[in-house]
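Build me a model:
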Amino acid sequence: MAAVNSLFIKGTTKTPHIEFKPGILQLSGRSIPEDAVAFFQPVLKWVEDYLDNPEPLTRVNFKMEYINSGSNRFIFALFKMLDESYTHGHNIVINWYYEEDDDTIKNLGRDFQALVKLPFKMVEIV
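As a prediction, the model looks like this:
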């Protein structure tokens, strides 16, 4: 099967910066898209295709400043896909970055952590 190409979506004031390469998936910035479905559909499709033939280790780095509730369900869908792949024996690690004084993002990371079996590392940025 052919390897999946990279996915790059330049971040805006409303949409996250997405940089997905086989083995490392990075999301950063803010997620308050006008149309969350349109924004996240290609992202989830890329992950779905990638998980058909993932690298020996996949690191997922979340460095989000803000995520609205409309985006949360897509982030959760992403976690469910990764979690399923992990339970099938693929090595996946989540790094959830948060500013030391940002309880909202920190607590959101903890909420997601409680919903999946994936190795989930909370990383404080000081």
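
Buried residues of stretch 68-88, list them for me.
70-71, 74-75, 78-79, 81-83, 85-86 (16 or more other Cβ atoms under 10 Å). Glycine gets a C-beta too; all of them are placed from N, C-alpha and C.

Identify those among these that sit within strands.
Secondary structure from DSSP state E places none of the buried residues of stretch 68-88 in strands.

would JSON lines of these with distance to E55 and pLDDT be doable?
As requested, the buried residues of stretch 68-88 are exported to JSON lines (distance: Cβ to Cβ, whole Å; pLDDT from 0 to 100):
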{"residue": "G70", "distance to E55": "30", "pLDDT": "94"}
{"residue": "S71", "distance to E55": "26", "pLDDT": "97"}
{"residue": "F74", "distance to E55": "23", "pLDDT": "97"}
{"residue": "I75", "distance to E55": "21", "pLDDT": "97"}
{"residue": "L78", "distance to E55": "17", "pLDDT": "97"}
{"residue": "F79", "distance to E55": "18", "pLDDT": "97"}
{"residue": "M81", "distance to E55": "15", "pLDDT": "98"}
{"residue": "L82", "distance to E55": "13", "pLDDT": "98"}
{"residue": "D83", "distance to E55": "17", "pLDDT": "98"}
{"residue": "S85", "distance to E55": "11", "pLDDT": "98"}
{"residue": "Y86", "distance to E55": "13", "pLDDT": "98"}
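
ok, of those residues, which one's closest to A114?
F79 (10.9 Å; Cβ to Cβ).

Check the gap between the closest residue in space to that closest one that isn't next to it in sequence and P42 for me.
Counting by Cβ to Cβ, 6 or more residues apart in numbering, F79 lies nearest to V116, which is 5.2 Å off, once chain neighbours are set aside. According to Cβ to Cβ, to the nearest Å, V116 and P42 sit 22 Å apart.

Which one's more surrounded, those two?
Legend: neighbour count by other Cβ atoms under 10 Å for V116 and P42, higher for V116 (18 against 12).
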